[in-house]
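Visitor: Sequence and computational prediction follow.
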Amino acid sequence: MGYLSPEPLGLEPLVREVAAPEHGAVATFLGLVRDHHAGRQVTRLEYQAYGPMAEAECAQIVAEAERRWACRVALRHRTGVLAIGEAAVAIAVGSGHRAEAFEACRFVIEELKRRVPIWKREAYADGSEAWVDPTAPGGTVAVSRGPAPS
């Protein structure tokens, strides 16, 4: 299975992937779609990704975590349109000890957000939409809808 999924995510399948007799700890992270961003009411999100590059970068991040800590990592990120409350990203890390599991889990989510080409488009209660861009003023770039029909 790849790292990107158009299907709903859950932690249980990922926990099963990382569970092992030598693992005394499993740390998990579940990122959910929230109903607000930058003071605006969000009604839904859409995630788009450049699939081959995103898959390769996720694989690299997982490999880095597994080399750095004695652990096993399972990672999935949703694509497509998501409703408020749905899981956007799920991570499970199995390790011999909790410290390594927590550290590796945090590393994976932080690196995923920093490096993987996945773009988030927010829809707002007022009918407008914007791409999330942490480098832009206000953290978003409005979606251009082109000229109005005549």
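Guide: Alright, I've got the coordinates.
Visitor: For the residue nearest to the spatial centre of the chain, give me the pLDDT.
Guide: With distances taken as Cα atoms, centre = their mean, residue 89 lies nearest the centre of the chain, 3.5 Å away. Listed pLDDT for residue 89 reads 98.
Visitor: For it, what is the enclosing helix or strand?
Guide: In this assignment (DSSP states H and E), residue 89 forms part of strand 87-95.
Visitor: moving C-terminal of that strand, what's the next helix or strand?
Guide: Past strand 87-95, further along toward the C-terminus, the next helix or strand under DSSP H and E is helix 98-115.
Visitor: tell me which residues in that following helix are buried?
Guide: By neighbour count on 16 or more other Cβ atoms under 10 Å, the buried set for helix 98-115 is 100-105, 107-108, 111-112. C-beta: built from backbone N, CA, C; applies to glycine.
Visitor: Average pLDDT for it, rounded please.
Guide: Averaged across helix 98-115, the pLDDT comes to 97.
Visitor: by how many degrees do it and strand 87-95 diverge?
Guide: Counting by axes from the mean of the first three to the mean of the last three Cα atoms, to 10 degrees, helix 98-115 lies at 140 degrees to strand 87-95.
Visitor: What is the neighbour count of residue 81?
Guide: 13 (other Cβ atoms under 10 Å).
Visitor: Shouldn't residue 48 be within a strand?
Guide: Yes: when DSSP: H, G, I helix; E, B strand; the rest coil is applied, residue 48 is found to be in a strand.
Visitor: who's in contact with it?
Guide: 79, 118-119, 121 (Cβ atoms under 8 Å, 6 or more residues apart in numbering).
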